[in-house]
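In: Fold the following.
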Amino acid sequence: MATDKPGVRQRRKDARPAEMVEAALDVFAERGFAATRLEEIADRVGVSKGTLYLYFESKEALFKAVVEGGFVPALAEGEALLEAGKEDPERLLRELLRGWWDLVGNTRLAGIAKLMIAESSNFPELTEHYRQNVIERGHRLMVAVLELGMARGVFRQQSAELLCHVAFAPMLMASLWRQSFGMCCKEDMNYDDYIALHLDMLMHGLLQEKTQ
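Out: Below is the predicted model:
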């Protein structure tokens with residue numbers, strides 16, 4: 001009977017944490033945190049529950065790994081956009097919001113955002129972890145872009161803190177709709193058109209009027 005060579009076995013072992021995080025993302029998004037069983041995650045990876053515990057000490061630790069493996073890279077990409085696009089705040093804001101939709105809102109990660117909204121009061125430690133590492137970091141990024149646009153005279157002077165919520169709320173709503181009602185609607189809305197319309201309306205309200 002053929003067996004894996006030592007190098008193959010080692011590569012498979014090294015890949016297991018990433019495979020577990022991927023499987024956990026799917027199960028958490030499908031079932032929510034409370035209803036997720038570690039046995040199901042282990043089954044999807046093809047390992048025992050005991051093997052899963054070799055890498056993650058608890059379901060909470062695995063959830064944090066999902067957050068850090070999914071949302072944090074997306075936020076880092078947004079921060080890189082900020083550093084590279086300071087000369088054009090309007091384009092930067094468009095790319096940032098569109099990038100969030102492409103990397104999070106329109107992907108499996110949106111199921112985690114939905115989970116946190118539904119179960120936040122039941123798991124305060126996880127909620128605080130998510131707030132600090134995802135919500136607050138994303139909020140700071142958006143505020144920085146808005147304040148940059150105001151400082152350069154591109155955006156009208158408003159409260160950047162409030163504008164951040166106003167700009168992002170329709171994006172989050174579309175993502176939650178897609179994750180819930182959109183899954184059972186025979187004729188769901190066109191999300192690309194929705195995002196484009198939102199960005200168009202946002203910019204029309206945000207940009208300074210050009211003087212002759």
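In: Give me the distance between Phe71 and Ser175.
Out: 13 Å (Cβ to Cβ, to the nearest Å). Where you see a C-beta, it was placed from the backbone N, CA and C, and this is true even at glycine.
In: which residues do the two both contact?
Out: Taking Cβ atoms under 8 Å, 6 or more residues apart in numbering as the criterion, Phe71 and Ser175 both touch Val104.
In: what's the neighbour count on the residue nearest to Gly182 when sequence neighbours are not counted?
Out: Using Cβ to Cβ, 6 or more residues apart in numbering and skipping residues adjacent in sequence, the residue nearest Gly182 is Asp188, 4.6 Å away. Using other Cβ atoms under 10 Å, Asp188 is surrounded by 12 other residues.
In: what do you get for Tyr130?
Out: 21.
In: that older thread, so how far is Cys164 from the residue nearest to Gly182?
Out: 27 Å.
In: One more: Leu103?
Out: Leu103 sits 18 Å away from Cys164, going by Cβ to Cβ.
In: ok, those two, which is more surrounded?
Out: Cys164 (20 against 17).
In: Now whichever strand or helix holds the more buried one: buried residues?
Out: Using DSSP states H and E, Cys164 sits in helix 160-179. For helix 160-179, the neighbour count (16 or more other Cβ atoms under 10 Å) marks 160, 163-164, 167-168, 170-172, 174-179 as buried.
In: tell me the mean pLDDT for whichever helix or strand comes after it?
Out: The element immediately downstream of helix 160-179 (helix or strand, assigned by DSSP H and E) is helix 191-206. The average pLDDT for helix 191-206 rounds to 95.
In: Quick check: closest non-adjacent residue to the residue nearest the centre of the chain.
Out: What sits nearest the mean C-alpha location of the chain, by Cα atoms, centre = their mean, is Val104, with 3.9 Å. Spatial nearest neighbour of Val104, chain neighbours left out: Ala74 (5.5 Å); criterion: Cβ to Cβ, 6+ apart.
In: Look up how far Ser159 lies from the one you found.
Out: Distance from Ala74 to Ser159, by Cβ to Cβ: 25 Å.
In: between these two, which one's more packed in?
Out: Shown here are Ala74 and Ser159; by other Cβ under 10 Å, Ala74 has more neighbours (18 against 11).
In: element containing the more buried one?
Out: If you go by DSSP H and E, Ala74 is part of helix 59-84.
In: That helix - contacts with which helices or strands?
Out: Counting contacts by 3 or more Cβ pairs under 8 Å, 6 or more residues apart in numbering; DSSP states H and E, helix 59-84 is packed against helix 6-31, helix 38-45, helix 89-100, helix 110-119, helix 124-130, helix 136-151.
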